[in-house]
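**Student:** Predicted model and sequence follow; I will ask about them next.
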Amino acid sequence: GPILPCPSRVPYDLQIGDVIAAYFGAPHSGWYEGEIVQVAVNRKRLDNICARFEDGLCTLLCSSENFGPKQMWVLLKKGHPDQTHDAAPAIHASATDTATDTIGP
């Protein structure tokens, strides 16, 4: 989905149900879309988000410092006009994947 601007107060402005894309290093080496299921607003330097990805739950540290398509996570606009459900399918990384050409470290 389209990338939204960084929320002004992370993690306070993140909500359960928000859709994010997060970059995972080796062996995954790619961007994956997930839905936020828990936000720990008191954590600033430890994992403060729990998101549900296609392969299961994962905790992440989301901050304004590591936000952006050249960083570790982005906030995505929910849903698409041509889809009937909220979350977009996960982005799968592979040697032939073109999704990593537009976002990634």
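**Tutor:** Perfect, thanks for sending it.

**Student:** if I look at L76, how far off is A26?
**Tutor:** 24 Å (CB to CB, to the nearest Å). For every residue, glycine as well, the C-beta is placed using N, CA and C.

**Student:** More neighbours: which of those two?
**Tutor:** L76 (20 against 6; other CB atoms under 10 Å).

**Student:** The more buried one contacts W31, correct?
**Tutor:** No - when contacts are counted by CB atoms under 8 Å, L76 is not listed as touching W31 (10.3 Å).

**Student:** shared neighbours of those two, anything?
**Tutor:** A21 (CB atoms under 8 Å, 6 or more residues apart in numbering).

**Student:** Which parts of the chain are helices?
**Tutor:** Using DSSP state H, no helices are assigned anywhere in the chain.

**Student:** For R43, which non-adjacent residue is closest in space?
**Tutor:** Excluding its sequence neighbours, the residue lying closest to R43 (CB to CB, 6 or more residues apart in numbering) is P11, at 7.3 Å.

**Student:** Now the lengthiest strand in the chain: buried residues?
**Tutor:** In terms of residue count, the longest strand belonging to the chain (DSSP state E) is strand 30-39. Buried positions in strand 30-39, judged by neighbour count with 16 or more other CB atoms under 10 Å: G30, W31, Y32, E33, G34, E35, I36, V39.

**Student:** What strands line up against it, and which way round?
**Tutor:** strand 19-24 (antiparallel), strand 49-53 (antiparallel) (DSSP bridges).

**Student:** still on that earlier bit, so what's the residue nearest to R43 up against?
**Tutor:** V39, A40, V41, R43, N48, I49, C62, S63 are the contacts of P11 under CB under 8 Å, 6+ apart.

**Student:** same thing but at 6 Å, please
**Tutor:** Applying CB atoms under 6 Å, 6 or more residues apart in numbering, we find P11 in contact with V39, V41, N48, C62.

**Student:** for the residue lying closest to I16 once chain neighbours are set aside, which residues make a bridge with it?
**Tutor:** Closest residue to I16 apart from its sequence neighbours, by CB to CB, 6+ apart: I36 at 5.6 Å. Taking DSSP bridges as the rule, I36 bridges to A51.
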